[in-house]
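**Q** can't give you the sequence, but here's the structure:
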RNA sequence: CGGGGCGUGGCGCAGUCCGGUAGCGCAACGGCUUUGGGAGCCGUGGGUCGCAGGUUCAAAUCCUGUCGCCCCGACCA
């Protein structure tokens, strides 16, 4: 089997090695697309389940809108079309025709006679179809708020792709809500960002910085965009989720009006918010190490793996029996537990395999353990090894999984804090990103988009967001020196 | 679109400069011994060398063309 490149050698290769070795995904025959393998999809399923519960608890319901969007819809909101036009896939025909080349080769081509009257765009996002439907569904304030989410695939024809982080097709959830007032819309936008923030910390053990995007980085068609930004192990920032206050832009573009209790007619107020399979990439880069994938127990498919150890058939029967009984006892309390009783592999091989694949906890049971009624516990993330008696093992394993979950968050948070600093001069700023490995730089900024763009052109560093919790002591812009009302988060981004 | 790299059994690669019987490791299969941190030995099966032309007695190797993939840039909700 191929080795995993060390993070210190080549971070980007390490990332791809981990994905390959943990069997999370594979390249597809279609350039830019990826196949999500069972191990990778299991992570996404756990993310879906957890997030979906949170959405439902807040009153949202799921629906499904079509993949194909009439081309004309995209044009209805001016900024929106500008943002997405460059990366849309277009469906132009509805039939193939078999042709035989002169050399006898059989091929299929689009049948010219099946050319569509109106071409369709494969959704890069669903605002337009959804708002076209909302026009029909919303009449009065009694229809509001309308709180719909959908789990779907979308397609954006990116030039340069990377597994999970940026693929031509990806999976996500997109929430689309309609409200009677601007304040309600804004409240919803912030509530969903907070939902993402808590999910990231509680389930993914991923600390994030929540804040407002600058005008340059705003979603096409939004009044305000918010994001949570996580720090990867190479000190780059990754936008883990966004939520958008769309104001009345889409309601106006699609003519969605409602009658208030007082009888007035007004356009509704909209929001949208999303988290995508990109988060799986963030998860990999937050916790994993040179030996492979590391996953927080909350999101791992198998919470633990039991490896029985034996020398002969007699011992094999005894340890496998004990292993299965143990797994059966654990499952109701902690969820999926895998028993690896393959007889063609030695224990050492199994250990390294499950370590590569990121199973949080390993239990070893050998003849000595059976004799002493104990099991050896080994945690993936810090290699901590303990011996626990069978009696009370459920509580012991539960406690260890809780410790792992907490430890991963604490570890990631220490890294975030350690690599976040204040930078007040341009020389320092350049030095930080060119010579000292970068990080999150909290700097003063004048608020001018041109100034922001110049920083990006010079250094590839962007303003990730304007943190909600920020130092608002006035100062001077780190780039141009003009007055600033507070610090913003600068970093290199994914 | 620019720069770099790569297409050779299932996977990873050598062989290409300098043309001459397609090899190695892992995996697979069979057998025996093994099993508390990546097992050992013996045996077996499996490859139109990305594709198309050309040069040659002879092409994985040289020439021309072409397709594809990966990485780095440019671009980017």
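**A** Okay, I see it. Everything numeric in this text was worked out from a predicted model, so none of it was measured.

**Q** next one: phi and psi at the residue lying closest to residue A:484 once chain neighbours are set aside?
**A** Nearest residue to residue A:484 in three dimensions, chain neighbours excluded: residue A:444, at 3.6 Å (CB to CB, 6 or more residues apart in numbering). All C-beta spots, glycine's among them, are computed from the backbone N, C-alpha and C. Phi and psi for residue A:444, reported as degrees, to the nearest 10, are phi -70, psi 150.

**Q** Am I right that residue A:444 is in contact with residue A:487?
**A** Yes. Contact criterion CB atoms under 8 Å: residue A:444 and residue A:487 qualify, at 5.8 Å.

**Q** what about the residue in the stretch 201-350 of chain A that RNA strand B sits nearest to, how many residues close to it?
**A** Residue nearest to RNA strand B within the stretch 201-350 of chain A (CB to the nearest atom of the strand): residue A:348, separated by 2.5 Å. Using other CB atoms under 10 Å, residue A:348 has 9 other residues around it.

**Q** can you pull the pLDDT of it?
**A** pLDDT recorded at residue A:348 is 91.

**Q** which secondary structure elements does the host helix or strand of residue A:197 contact?
**A** Using DSSP states H and E, residue A:197 sits in helix A:182-202. Contacts defined by 3 or more CB pairs under 8 Å, 6 or more residues apart in numbering; DSSP states H and E place helix A:182-202 against helix A:38-57, strand A:169-179, strand A:208-212, strand A:224-231, strand A:237-247, strand A:269-276.

**Q** Roughly how far does the residue of chain A found nearest RNA strand B sit from residue A:397?
**A** Nearest residue of chain A to RNA strand B (CB to the nearest atom of the strand) works out as residue A:366 at 2.1 Å. Distance, residue A:366 to residue A:397, by CB to CB, to the nearest Å: 18 Å.

**Q** what's the answer for residue A:259, then?
**A** For residue A:259 relative to residue A:397 (CB to CB), the value is 58 Å.

**Q** So for those two, which residue has more residues nearby?
**A** residue A:397 (23 against 15).

**Q** what about that one, which SS state?
**A** For residue A:397, the assignment made with DSSP: H, G, I helix; E, B strand; the rest coil gives helix.

**Q** Quick check: it touching residue A:334?
**A** Yes. Between residue A:397 and residue A:334 there is a contact under CB under 8 Å: 6.2 Å.

**Q** residues shared between the contacts of the two?
**A** Overlap of the contact sets of residue A:397 and residue A:334 (by CB atoms under 8 Å, 6 or more residues apart in numbering) consists of residue A:304.

**Q** What's opposite the residue nearest to residue A:61 when sequence neighbours are not counted in the beta bridge?
**A** Closest residue in space to residue A:61, ignoring its immediate chain neighbours: residue A:148 at 6.1 Å, by CB to CB, 6+ apart. Taking DSSP bridges, one finds residue A:61, residue A:176 as the beta-bridge partners of residue A:148.

**Q** So residue A:148 is in contact with residue A:64, correct?
**A** No. Assessed by CB under 8 Å, residue A:148 is found out of contact with residue A:64, at 9.9 Å.

**Q** Give me the more crowded residue out of the two.
**A** Each of residue A:148 and residue A:64 has its neighbours counted (other CB under 10 Å); residue A:148 has more, 20 against 10.

**Q** Pull up the gap between the more buried one and residue A:441, please.
**A** The gap separating residue A:148 from residue A:441 is 39 Å, by CB to CB.

**Q** quick one: contacts for residue A:96?
**A** A:108-111.

**Q** one step back: and the next helix or strand past the helix or strand hosting the residue of the stretch 201-350 of chain A closest to RNA strand B?
**A** Under the criterion of DSSP H and E, residue A:348 resides in helix A:347-356. For helix A:347-356, the succeeding helix or strand toward the C-terminus, using DSSP H and E, is strand A:361-365.

**Q** which parts of that following strand are buried?
**A** A:361-365 (16 or more other CB atoms under 10 Å).

**Q** Could you pull out the helices in the stretch 251-400 of chain A for me?
**A** Assigned by DSSP state H, counting those that start in this stretch, the helices in the stretch 251-400 of chain A fall at A:278-287, A:313-334, A:347-356, A:367-372, A:393-418.

**Q** Tell me where chain A is predicted with low confidence.
**A** Scanning chain A for pLDDT under 70 picks out A:1-2, A:101-105.

**Q** Map the structural domains onto the sequence of it.
**A** Domain segmentation of chain A under automatic domain parsing yields A:11-75+A:126-287, A:302-402, A:420-491.

**Q** orientation of the helix holding residue A:197 relative to strand A:208-212 in degrees?
**A** 170 degrees (axes from the mean of the first three to the mean of the last three CA atoms, to 10 degrees).

**Q** Buried residues of helix A:182-202, list them for me.
**A** Within helix A:182-202, the residues scored as buried using 16+ other CB under 10 Å are A:184-186, A:188-190, A:192-193, A:195-197, A:199-201.

**Q** now the domains of chain A in JSON lines, with distance to residue A:119?
**A** Shown next, in JSON lines, are those (distance: least, CB to CB, whole Å):
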{"stretch": "domain A:11-75+A:126-287", "distance to residue A:119": "5"}
{"stretch": "domain A:302-402", "distance to residue A:119": "43"}
{"stretch": "domain A:420-491", "distance to residue A:119": "34"}
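
**Q** The closest residue to residue A:214 other than its chain neighbours pairs with what?
**A** Leaving aside its sequence neighbours, residue A:214 sits nearest to residue A:463 (CB to CB, 6+ apart; 5.0 Å). For residue A:463, the beta-bridge partners are residue A:490 (DSSP bridges).

**Q** hang on, residue A:463 packs against residue A:217?
**A** Yes. Between residue A:463 and residue A:217 there is a contact under CB under 8 Å: 7.1 Å.

**Q** Compare those two (neighbour count), which wins?
**A** The neighbour comparison of residue A:463 against residue A:217 (other CB under 10 Å) goes to residue A:463, with 22 against 18.

**Q** residue contacts, the more buried one?
**A** Listed by CB under 8 Å, 6+ apart, the contact partners of residue A:463 are A:214, A:216-217, A:445, A:452, A:455, A:488-490.

**Q** most packed of the helices of the stretch 251-400 of chain A?
**A** Highest mean neighbour count of the helices of the stretch 251-400 of chain A: helix A:278-287, a mean of 25 (counted as mean count of other CB atoms under 10 Å).

**Q** Show me what that one is packed against.
**A** Using 3+ CB pairs under 8 Å, 6+ apart: helix A:278-287 touches helix A:11-21, helix A:38-57, strand A:237-247, helix A:393-418.

**Q** other SSEs contacting the following helix or strand past the longest one?
**A** Which is helix A:393-418. Sequence order places strand A:420-422 as the next helix or strand after helix A:393-418, per DSSP H and E. Judged by 3+ CB pairs under 8 Å, 6+ apart, the packing partners of strand A:420-422 are strand A:440-444.

**Q** Can you work out which other helices and strands pack against the helix or strand following the strand it packs on?
**A** As assigned by DSSP H and E, the chain's next helix or strand after strand A:440-444 is helix A:449-459. Judged by 3+ CB pairs under 8 Å, 6+ apart, the packing partners of helix A:449-459 are helix A:426-435, strand A:462-467.

**Q** and the ones you listed as TSV, adding distance to residue A:37?
**A** What follows is these, written out as TSV (distance: least, CB to CB, whole Å):
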stretch	distance to residue A:37
helix A:426-435	35
strand A:462-467	31
